[in-house]
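In: What follows is a predicted structure for the sequence shown.
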Amino acid sequence: MGLDAAELRQYARLIGKRIDEGRVIPFLGAGANLYDRPPTADWHEGSYLPSGTELASYLAAEYEYPGADSRDLVRVAQYVDLVTGGEGALFDELHPVFTGTYRPTGLHRFLAELPARQRAAGGQATYPLIVTTNYDDALERAFADAGEVVDVVYYAAEHDEPGRFVHLSADGERRPIPKHTDYRGLDLQQRSIVFKIHGAVDRSDQSADNYVITEDHYIDYLANGNLSKLIPAYLMARMRNSHFLFLGYGMRDWNLRVILHHIWSQQVRRFGSWAIERDPDPIDEKFWQRHRVEIVEARLEDWVDAMNEARS
């Protein structure tokens, strides 16, 4: 049904206050890329990124996927991997999708402009840590457009090698992050961090693309042992002491629930979180309730409008 304007503003003030205090971590799912996109727009024909189901349907059509679950991206990606004898063809299909001429959405721009808004208000900028399961670079481009320096941490795995996270610093240098160590190259007092937990596209070098997208990829990823030790300690420390704000993200994917379980299990104190969802289904509602995530029933566009109004 959704909240009325007054109720949404109340949530916006509360969440905005905690964002300004550096206690909220936005968590972007594939639905974030649908922000402000006309409902009848075809992502092929415009400067839009596909949703997960749209990408699955595209791959299913290209490779004549025989199953009935052609909207299941992980399953379809696994099929492409199998019928082509490896992930090479799959990655070749994905690269032009994620390096297209799309524009950052209003949601990406809102997040990228948070530090500048705080500076304009006369306060000390609190640089955000933003977690995303998306492979594209729309968020990074929004930070660049806003004139904000940002570090990117993304998951990478070579063939038959255990994966690890890589730090792409603001100066363009890539540094593999050693496991089980307190890597000291990240600093939220100085700049924002985009944490891409499922890999990332590389516009400058297609061979450096890394995607956790097939069933086998997820098995390898989650079989790394305790993900809380694979995730850089600096970022895990921030996540232990923060609320999460889920944007464009549902609970249908079991692999993502495993990751969240690892993160939440590290929290010494439980921090309530929020999920902005327009029409949550009953399964999502039960899962969110179990994990103390309050559903804010609203469109992402309406939530951003309320946040802007609350901060003006």
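Out: It's in. Numbering: from 1, shown residues only.

In: in terms of contact, does Trp274 touch Ser242 like I think?
Out: No: counting by CB atoms under 8 Å, Ser242 is not a contact partner of Trp274; they are 12.0 Å apart. All C-beta spots, glycine's among them, are computed from the backbone N, C-alpha and C.

In: tell me the mean pLDDT for stretch 97-111?
Out: For stretch 97-111, mean pLDDT rounds to 93.

In: for stretch 169-189, same thing?
Out: Averaging pLDDT along stretch 169-189 yields 87.

In: Identify all contacting residues around the biggest helix by length in the chain.
Out: In the chain, with assignment by DSSP state H, the single longest helix is helix 5-20. Helix 5-20 has contacts (CB atoms under 8 Å, 6 or more residues apart in numbering) with 3, 24, 114, 118, 123, 126, 128, 243, 245, 274, 296, 298, 302-303, 306-307, 309-311.

In: And the helices in the stretch 51-200 of the chain, which stretches?
Out: For the stretch 51-200 of the chain, the helices defined by DSSP state H, counting those that start in this stretch occupy 52-62, 73-83, 88-98, 106-112, 114-120, 138-145.

In: Produce a PyMOL select command limited to the buried residues of the contacts of helix 5-20.
Out: Those of those that count as buried under 16 or more other CB atoms under 10 Å are selected in PyMOL with:
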select buried, resi 3+24+114+118+126+128+243+245+274+296+298+302+303+306+307+310+311
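
In: hang on, the earlier thing: rebuild the helices of the stretch 51-200 of the chain as a markdown table, extending it with distance to Val153.
Out: Listed next are the helices of the stretch 51-200 of the chain as a markdown table, based on distance: least, CB to CB, whole Å:
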| stretch | distance to Val153 |
| --- | --- |
| helix 52-62 | 22 |
| helix 73-83 | 23 |
| helix 88-98 | 18 |
| helix 106-112 | 16 |
| helix 114-120 | 18 |
| helix 138-145 | 12 |
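
In: Among the ones you listed, which comes closest to Leu222?
Out: Smallest distance to Leu222 across the helices of the stretch 51-200 of the chain (CB to CB): 12.2 Å, for helix 73-83.

In: What angle do helix 52-62 and that closest one make with each other?
Out: Here helix 73-83 runs at an angle of 30 degrees relative to helix 52-62 (axes from the mean of the first three to the mean of the last three CA atoms, to 10 degrees).

In: Give the buried residues for helix 73-83.
Out: By 16+ other CB under 10 Å, the buried positions in helix 73-83 come out as 73-81.

In: who touches that helix?
Out: Helix 73-83 is contacted from outside by 52-53, 55-56, 59-60, 62-63, 65, 67, 69-70, 87, 89-90, 93, 213-216, 218, 253, 255, using CB under 8 Å, 6+ apart.

In: Going through the residues you listed, which ones are buried?
Out: The buried subset of those - by 16+ other CB under 10 Å - is 52, 55-56, 59-60, 63, 65, 70, 87, 90, 93, 213-215, 218, 253, 255.

In: Next, the contact list for the most centrally placed residue in the chain, please.
Out: Central residue of the chain (CA atoms, centre = their mean): Thr132, 1.3 Å from the mean position. With contacts defined as CB under 8 Å, 6+ apart, Thr132 is in contact with 27-29, 32, 139, 194-197.

In: 6 Å instead, please
Out: 28, 196 (CB atoms under 6 Å, 6 or more residues apart in numbering).

In: go on, Ser242?
Out: If you count contacts by CB under 6 Å, 6+ apart, then Ser242 has 23, 25 around it.

In: From Ile263, how far out is it?
Out: 10 Å (CB to CB, to the nearest Å).

In: Ala125 too?
Out: According to CB to CB, Ala125 stands 25 Å off from Ile263.

In: So Phe287 versus Lys196, what's the distance?
Out: The gap separating Phe287 from Lys196 is 23 Å, by CB to CB.

In: Could you pull out the strands in the stretch 201-312 of the chain for me?
Out: Per DSSP state E, counting those that start in this stretch, the stretch 201-312 of the chain carries strands over the ranges 210-211, 243-247, 273-277, 293-297.

In: Give me the angle between the third one and helix 5-20.
Out: Right, strand 273-277. Here the directions of strand 273-277 and helix 5-20 differ by 130 degrees (the same axes, to 10 degrees).

In: if we can go back for a sec, could you export the strands of the stretch 201-312 of the chain to a markdown table, including columns for mean pLDDT and distance to Gly172?
Out: Listed next are the strands of the stretch 201-312 of the chain as a markdown table, based on pLDDT from 0 to 100; distance: least, CB to CB, whole Å:
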| stretch | mean pLDDT | distance to Gly172 |
| --- | --- | --- |
| strand 210-211 | 95 | 17 |
| strand 243-247 | 94 | 28 |
| strand 273-277 | 91 | 33 |
| strand 293-297 | 91 | 36 |
